[in-house]
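Chemist: Structure for this input, please:
(2 chains)
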Amino acid sequence: MSLILNEEQRLLADTAREFLSARSPVTAQRRLRDERVAEGFDAKLWQDIAGLGWTGIPFGEESGGLAFGYQGLGPVFEEIGRNLSATPLLSSVVLAGSLLEQAGSKAQREAWLPALIAGEKRLALAVDEQVRHDPSAIALTAVADGDGLRLDGEKVFVVDGVGADGWLVAAREGADLGLFLVEAGTPGVTVMPTGLVDSRNHARLRLDGVKLPASARIGAAGEAAAVLDAALDRGRLCLAAELLGASAKLFELTVEYLKTRVQFDAPIGSFQALQHRAAWCHVHLELARSTVMAGFAALDDAQCGADERARLASLAKWKAGETAHRVSNEAVQMHGGIGVTDELDVGLYLKRIRVAQACLGDGDFHSQRYAALTGEG
Amino acid sequence: MSEMDAFRAETRAWLDANCPPSMRTPTPDGGLVWGGRQVDFQSEEQRLWFERMRDKGWFCPDWPEAYGGGGLSPEQNAILEAEMRRLRCRPPQINLGIWMLGPVLLEYGSEEQKQRFLTPMARGEIRWCQGFSEPNAGSDLASLKTTARDAGDHYVIDGSKIWTSYGDKSDWMYALVRTDTAAPKHLGISLIVLDMRSPGVSVAPIDLISGKSAFCQVFFDGVKVPKDQLIGPLNGGWTLAKRLLQHERKAMSKFGEISLPTHFHLLPLIERYVPASTRPADVALRARASAVAMDEHAYTLTVQRMGEEARVGRDVSGLMAIMKLVHTEQERDKFEVLLDALGHRALGWECDEFTEQEKAITKGWLGSFALTISGGASEIQLNVIAKRVLGLPDGKQGDKQS
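Modeler: Okay, the predicted model is just below:
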C-alpha cells in the first residue's frame, strides 16, 4: 500500500491543476453564486470534464470506465478543493455511480453508467433525514405494493439533488435497509432546493406514495447497508481530499499575507504568536495528507478488509475536516478585518469547508466510528 | 557479476557466517552495547559480534582504513547497511563519538588528532559524551558560558555542562566552550575534547521527576586541557557544532529511524478502564481518547509516507521538520488521557498494588514532559517550521537561534 502518487497519477494531478485553475477558478464559483445558478455548477464545464475522462476514472472497463483507480481520483478532488470548483463528480460518479456499478442489476448498469460517464445524465444519493449525517437513522419507508413497492418519507441535504435525472434512495424495510432507484418525473416526487452557505446544489427530496416497480431495487435484500457504507466511504475520502486541497490552498494564501502585511513596521509574519500558529497549520496539513493518501490506497487495495478501509476513511475525513476547520478559522483571523469581507476569497473557502465537513459525517461522527472499528485492537 | 554484486554476495556471506543467531533479534531495552574503556557484555555472542565487527573495521565502515575504518565507498557502505537490515543484525555497539565527533574530526581535525582519536574510536575503545547544554544555555545554546582560558601551553576550563547523557559512564567529552568572552556570542565559541578523568572534572547524575535517568551534570573546576585538544579553528566552534548536529540527524535517520509511538495502545486501554456508558464525563473522555489515537495513527502514516517520499528521492525536509514536534506533543497528550482514564491507578509510586503496565504509564507520563523539552523544545521546533519551511520573516530581535 503506497502513500505517494506514482508518475501516472502525478501527471493527472498536473492536468487537473492546469485545467481547473484555468476553467474553474474561484472567480467562477463567485459568479455561480451571484447568478444563483440552480444546479450550482457550470453545465459546460461538466461536459468538458467528462470529455477529459475524469468521470470514467473509478469505473471498470466493462462499465465503460478507465479503471484508473481511486488513487487517481484523489488528486483531482484535491484540485477541486483548491479551486473551489463545483462539479457533480462526487454526487453522480463517486457516490451514486460507484454504488450502481457495485450493486446495480445488469439492466440498471446498462441504462445508467454509460450516460453518467458521458456526463449526459446524473444521479444523486439520498441518505440523510436528520440535521447531522446518520445512515443508521433512516425512517423513510419502503413497503410492498402489489408487484412493486411504495416509498414514503423525506430526505434532506441531498448533494446535487436539484435537477438530477434520478436519485438512489435509502429506505427502511422493516428491520432491513433497502436501496431504490427513483427516476425523475416519477409521480409523488418533490424536489426543493436548500440554500447552504457554500451556494451549491443541495436538495430536500419528498416522496409521497411513490410507486416503484420491483426492478427499481438496487442489490440483494440484506446487503444494502454494506453497499451503502462502502459508497459513502468512497465519497468521504473524496470529500477529505477536497478539504485537504481547499485548506492547503487557503493556507498558502494566508502565509503569503503574513509575509506582506505590515503592521508595527514589520511584516506580521515575523511575530512569533502568528508564526507558531501557522507552523501548527503546516503540521496538521502534513498529517492530514498522510491519512488521505492511506485512505485512497486502501480503496484500491483488494487485500484491505472492509473494516480497515472504513477505519481509514473515517480517519481521513476526521483529520482533513479538523485540519480544514483549524486552517480556515486561522485564515480569517490572520487576515484581520479584510478576512471577514466578502471581497476576499477567504470567506468562500471557509463556507465550502464547513459544508464539506458536515457532509457525510462530521468530526464527532467519524471519531466515534473510528473508535468503534478499532475496538480491542 | 558486477563489482557491487560481488561485494554484496561477499558481505552477505560474511555477515551470515559471523553474526551470531542471538544478534539477529530485536535489541531489548537496555540491551545495547556501549563501546568504551570498559565494555559490559551481557552474553558471549554479544562479545563475539562486537569483536568481529571491530576487527573488520565495520564499526565505521566508511572511514579510511588508515584511521581504523573499513575503507568502504558510499555505495559499498549502503550495501552493508542493507544487508545488515536484511539479516536483522543488531548494531554491534553504540557510540556517540563515531556518529557525531568522528565525521567532524575527519573534516576539521589535524592529522595528529585524527591518528590519536579516530583509531581508538573505530575500535570502540573510548566512550564519548557530549557537552553542549548548560544550566543557563538551553534553547539559546550559543549563550554558553563555560570558559576555556588560555594559560600558555594549555587551556583552563571552568563552568558546567548539563543534560550530558551518560556523563558518569563516558571516557571522553567533546564540549563547546567560550574562548572569547568579548566577541558576539556565536563567534567566541570553540570545540574542545577532554578526558573525563582530568583533575577538576566531577559528575553528578540527575534524577528526573520520572526517576533515575541517563542525564548528568558535569562540573569543571580549573580543568587543564592541552592546546592540541582544540578541534578546528579557535573561536570557530559554532560552525563545527552545527556540523555535529547535522551528523546527529543523519545518524538518527539511519539508526534510530524516526521515533514511533510508545506501545501503550490507547483505545484498548480506554475500553478496559472507561467502559462504554452514557455518563457525559465518560463520553467526553472516550471522545478525547479517540482524537488522540487518530492523531497518533496519522503520525504513523506520516512516518511511512516520509520513508516512501525519501526513497524516490523527493525533498522531505518539510516533513522531517515536523516529526519531533508531533511525536513528542502526541506522547504527552496520550499520557494525559491515560492519566485521566486510569485515575488513581496511574498515580502509583513504588507500590506493588499497581500492575507493571500501570507503573509504566505513571513513569511514561512523567517522562513525557522531558520529551517536549530535550533535543530542541517544541517552541524551537515551531520557530524552525515557521522560518525554514514556511519562509516567514525573522523577528526584529531574539529568536535567531533557529
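
Chemist: okay, now the residue of the stretch 51-200 of chain B found nearest chain A: neighbour count?
Modeler: Closest to chain A within the stretch 51-200 of chain B is B:Ser139: 12.9 Å, counting by Cβ to the nearest Cβ. All C-beta spots, glycine's among them, are computed from the backbone N, C-alpha and C. Residues lying near B:Ser139 (other Cβ atoms under 10 Å in any protein chain shown) number 15.

Chemist: in stretch A:137-150, what counts as buried?
Modeler: By 16 or more other Cβ atoms under 10 Å in any protein chain shown, the buried positions in stretch A:137-150 come out as A:Ile138, A:Leu140, A:Thr141, A:Ala142, A:Leu149, A:Arg150.

Chemist: Now do the strands in chain B.
Modeler: B:128-131, B:147-150, B:154-165, B:172-178, B:189-195, B:201-205, B:215-226, B:230-231 (DSSP state E).

Chemist: now those strands in JSON lines, with mean neighbour count?
Modeler: Shown next, in JSON lines, are the strands of chain B (neighbours: other Cβ atoms under 10 Å in any protein chain shown):
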{"stretch": "strand B:128-131", "mean neighbour count": "25"}
{"stretch": "strand B:147-150", "mean neighbour count": "18"}
{"stretch": "strand B:154-165", "mean neighbour count": "20"}
{"stretch": "strand B:172-178", "mean neighbour count": "25"}
{"stretch": "strand B:189-195", "mean neighbour count": "23"}
{"stretch": "strand B:201-205", "mean neighbour count": "15"}
{"stretch": "strand B:215-226", "mean neighbour count": "18"}
{"stretch": "strand B:230-231", "mean neighbour count": "21"}
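
Chemist: any chance of the ones you listed in JSON lines, with distance to chain A too?
Modeler: What follows is the strands of chain B, written out as JSON lines (distance: least, Cβ to the nearest Cβ, whole Å):
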{"stretch": "strand B:128-131", "distance to chain A": "27"}
{"stretch": "strand B:147-150", "distance to chain A": "31"}
{"stretch": "strand B:154-165", "distance to chain A": "24"}
{"stretch": "strand B:172-178", "distance to chain A": "26"}
{"stretch": "strand B:189-195", "distance to chain A": "25"}
{"stretch": "strand B:201-205", "distance to chain A": "34"}
{"stretch": "strand B:215-226", "distance to chain A": "27"}
{"stretch": "strand B:230-231", "distance to chain A": "34"}
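
Chemist: Let me have the ones you listed in CSV, extended by mean pLDDT.
Modeler: What follows is the strands of chain B, written out as CSV (pLDDT from 0 to 100):
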stretch, mean pLDDT
strand B:128-131, 95
strand B:147-150, 97
strand B:154-165, 96
strand B:172-178, 97
strand B:189-195, 97
strand B:201-205, 97
strand B:215-226, 97
strand B:230-231, 97
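
Chemist: Could you dump the ones you listed into CSV with distance to A:Glu18 added?
Modeler: Output for the strands of chain B, formatted as CSV (distance: least, Cβ to Cβ, whole Å):
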stretch, distance to A:Glu18
strand B:128-131, 51
strand B:147-150, 60
strand B:154-165, 52
strand B:172-178, 51
strand B:189-195, 51
strand B:201-205, 62
strand B:215-226, 55
strand B:230-231, 53
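
Chemist: what about those strands, which gets the closest to A:Cys359?
Modeler: strand B:154-165 (49.5 Å; Cβ to Cβ).

Chemist: Tell me where the stretch 51-200 of chain A has helices.
Modeler: Using DSSP state H, counting those that start in this stretch, the helices of the stretch 51-200 of chain A run over residues A:70-83, A:98-103, A:106-118.

Chemist: Which stretch among these is buried most, on average?
Modeler: helix A:70-83 (a mean of 25; mean count of other Cβ atoms under 10 Å in any protein chain shown).

Chemist: Just checking that helix against chain B, any contact.
Modeler: No: legend: contact between helix A:70-83 and chain B by Cβ under 8 Å from any Cβ of the partner chain is lacking; minimum distance shown is 13.1 Å.

Chemist: picking up where we left off before, and of the buried residues of stretch A:137-150, the nearest to chain B?
Modeler: A:Ile138 (22.9 Å).

Chemist: Report the contact partners of the closest one.
Modeler: A:Val127, A:Glu129, A:Ala170, A:Ala171, A:Arg172, A:Leu177 (Cβ atoms under 8 Å, 6 or more residues apart in numbering or on different chains).

Chemist: in terms of contact, does the fourth one touch A:Gly178 like I think?
Modeler: The reference is to A:Ala171. Yes: the pair A:Ala171 / A:Gly178 is scored as a contact, 5.0 Å apart, by Cβ atoms under 8 Å.

Chemist: Please enumerate the shared neighbours of the two.
Modeler: A:Ala142.

Chemist: which non-adjacent residue is nearest B:Arg24?
Modeler: B:Arg88 (4.8 Å; Cβ to Cβ, 6 or more residues apart in numbering or on different chains).

Chemist: how is the chain carved up into domains?
Modeler: Going with chain A. Per automatic domain parsing, the structural domains of chain A span A:7-121, A:124-216, A:224-374.

Chemist: Oops, wrong one, chain B.
Modeler: Split by automatic domain parsing, chain B gives B:3-94, B:128-238, B:257-389.

Chemist: how about the ones you listed, which one is nearest A:Gly104?
Modeler: domain B:257-389 (33.4 Å).

Chemist: avg pLDDT for the closest one?
Modeler: Computed over domain B:257-389, the mean pLDDT rounds to 91.

Chemist: ok, now stretch A:262-279?
Modeler: Here the average pLDDT along stretch A:262-279 is 97.

Chemist: That stretch and chain B, any residue contact?
Modeler: Yes: judged by Cβ under 8 Å from any Cβ, stretch A:262-279 and chain B are in contact via A:Ala266, A:Pro267, A:Gly269, A:Ser270, A:Phe271, A:Gln272, A:Leu274, A:Gln275, A:His276, A:Ala278, A:Ala279.

Chemist: Quick check: residues of the stretch 301-402 of chain B near chain A?
Modeler: Counting by Cβ under 8 Å from any Cβ, the stretch 301-402 of chain B sits next to chain A at B:301-302, B:304-305, B:308-309, B:312, B:314, B:318-319, B:322, B:325-326, B:379, B:381-383, B:385-387, B:389-396, B:399.
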